[in-house]
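**Q** pasting the structure only:
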């Protein structure tokens, strides 16, 4: 048995929408089952028997500003969350914002976008961008953190609710520890993994300590955390937006592309384009009354 979860940004779901969703499933030769509200007007489940890929195709895009998550009904509440940071748990790409203080944001942001779309090797692109920051005053990092870094809506609630229910939460970023560690602490993650910027004499050297935290590290982090907790892959959730998140997203029991680049959105098991990060709680069947608000 599978479950399709409809999650409406702005709380615009009605009973008629659930009937329409069931009708769309039936028209696609999917047998709809029980329907139930998680939070009335905002999120609801429809159980069904049949091909989950066909069901997802039948429902995605059919309802305005509504995200669709299709997954096995059993084990949908996860015990491990591995999350990307930039443009996922926070609203910006930190390296682009650092580059702005150096007056080269447009140049760096173009490379960032191409790397996140999978058009460039991530490690080489990171080295090239960091090299452009050589000589930047170290104090700019704290200034950037204070002035530019904003948490994504729902980040604290997602992480703190999952932790309260016994999950391990890990932030793993292709960005930098000087951002990831304070961000992880503010949101409530159990741990953070990221790249280390080399600094000498109070200024950036233009180098990143090797090995670089990239796609392989993110995947390995997910697998190591599963082994640490003695969990099967189905008990995990991974969320990210860029090409370097794809490996961990594919390995997770529920891999979610969050407001993601096309290459990620097309390959992930689920996508959230409209809602905030609390959509990941509704996807697990967790009602708002059980959330730990950030």
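**A** On my side now, so go ahead. All values derive from a computational prediction rather than experimental measurement. Residues are numbered from 1 along each chain as shown.
**Q** give me the most central residue, this structure.
**A** Centroid-nearest residue in the chain, with C-alpha atoms, centre = their mean: residue 239, separated by 2.7 Å.
**Q** so that one, which state does it fall into?
**A** Classification of residue 239 by DSSP: H, G, I helix; E, B strand; the rest coil places it in strand.
**Q** so it touches residue 85, yeah?
**A** No: with contact defined as C-beta atoms under 8 Å, residue 239 does not reach residue 85; the gap is 10.6 Å. C-beta here means a position set from N, CA and C on the backbone, and glycine is covered the same way.
**Q** what's the distance between the nearest residue to residue 83 once chain neighbours are set aside and residue 106?
**A** In space, and not counting its chain neighbours, residue 83 is closest to residue 239: 5.0 Å by C-beta to C-beta, 6 or more residues apart in numbering. Distance, residue 239 to residue 106, by C-beta to C-beta, to the nearest Å: 28 Å.
**Q** now swap in residue 164 and tell me
**A** Remark: distance between residue 164 and residue 106 (C-beta to C-beta) = 42 Å.
**Q** quick one: the strands in this protein?
**A** With DSSP state E, the ranges of strands along the chain come out as 2-8, 31-39, 43-49, 66-72, 80-83, 168-176, 191-195, 197-200, 203-208, 236-240, 254-258, 270-272.
**Q** tell me which other helices or strands the shortest one touches.
**A** What it means is strand 270-272. For strand 270-272, the elements it packs on are strand 66-72, strand 254-258, judged by 3 or more C-beta pairs under 8 Å, 6 or more residues apart in numbering; DSSP states H and E.
**Q** in the shortest one, what counts as buried?
**A** Meaning strand 254-258. Neighbour counts over strand 254-258 (16 or more other C-beta atoms under 10 Å) mark 254-258 as buried.
**Q** which residues sit against it?
**A** The contact list for strand 254-258 (C-beta atoms under 8 Å, 6 or more residues apart in numbering) reads 69, 71, 76, 78, 88, 236-241, 248-249, 264-265, 267-272, 277, 280, 283.
**Q** cool, the first one as well?
**A** Applying C-beta under 8 Å, 6+ apart, the contact partners of strand 66-72 are 1-9, 12-13, 17, 52-53, 55-56, 59-60, 234, 254, 256, 269-275, 279, 283.
**Q** tell me the pLDDT of residue 10.
**A** Per-residue pLDDT puts residue 10 at 83.
**Q** is it true that it touches residue 65?
**A** Yes: applying C-beta under 8 Å as the test, residue 10 and residue 65 come out as touching, 6.0 Å apart.
**Q** for the residue nearest to the centre of the chain, give me its contacts.
**A** Contacts of residue 239 by C-beta under 8 Å, 6+ apart are 81-84, 88, 245, 249, 255-258, 277, 280.
**Q** please name the bridge partners of it.
**A** For residue 239, the beta-bridge partners are residue 83, residue 256 (DSSP bridges).
**Q** oh, and call the first residue 2 from now on, that's how I've got it
**A** Yes, from this point I'll number from 2; that puts the last item at residue 240.
**Q** if I look at it, how far off is residue 32?
**A** According to C-beta to C-beta, residue 240 stands 30 Å off from residue 32.
**Q** do the same with residue 187
**A** Residue 187 is 45 Å from residue 32, by C-beta to C-beta.
**Q** likewise residue 224?
**A** Relative to residue 32, residue 224 is positioned 35 Å away (C-beta to C-beta).
**Q** the two: which is more packed in?
**A** Using other C-beta atoms under 10 Å as the criterion, residue 224 and residue 32 rank with residue 224 on top: 16 against 12.
**Q** which non-adjacent residue is nearest the more buried one?
**A** Once flanking residues are discounted, residue 224 sits nearest to residue 252: 6.7 Å by C-beta to C-beta, 6+ apart.
**Q** tell me the pLDDT at the one you found?
**A** 97.
**Q** for it, which residues are in contact?
**A** Taking C-beta under 8 Å, 6+ apart as the test, what residue 252 contacts is 220, 223-224, 234, 237, 239.
**Q** hmm, 10 Å instead?
**A** The contact partners of residue 252, by C-beta atoms under 10 Å, 6 or more residues apart in numbering, come to 83, 219-221, 223-224, 227, 234, 237, 239.
**Q** would you mind measuring from the closest residue to residue 118 other than its chain neighbours to residue 204?
**A** Leaving out its chain neighbours, the residue that sits closest to residue 118 by C-beta to C-beta, 6+ apart is residue 262, at 4.8 Å. Going from residue 262 to residue 204 by C-beta to C-beta gives 32 Å.
**Q** more crowded one of those two?
**A** More neighbours surround residue 262 than the other of residue 262 and residue 204, with 21 against 15 (other C-beta under 10 Å).
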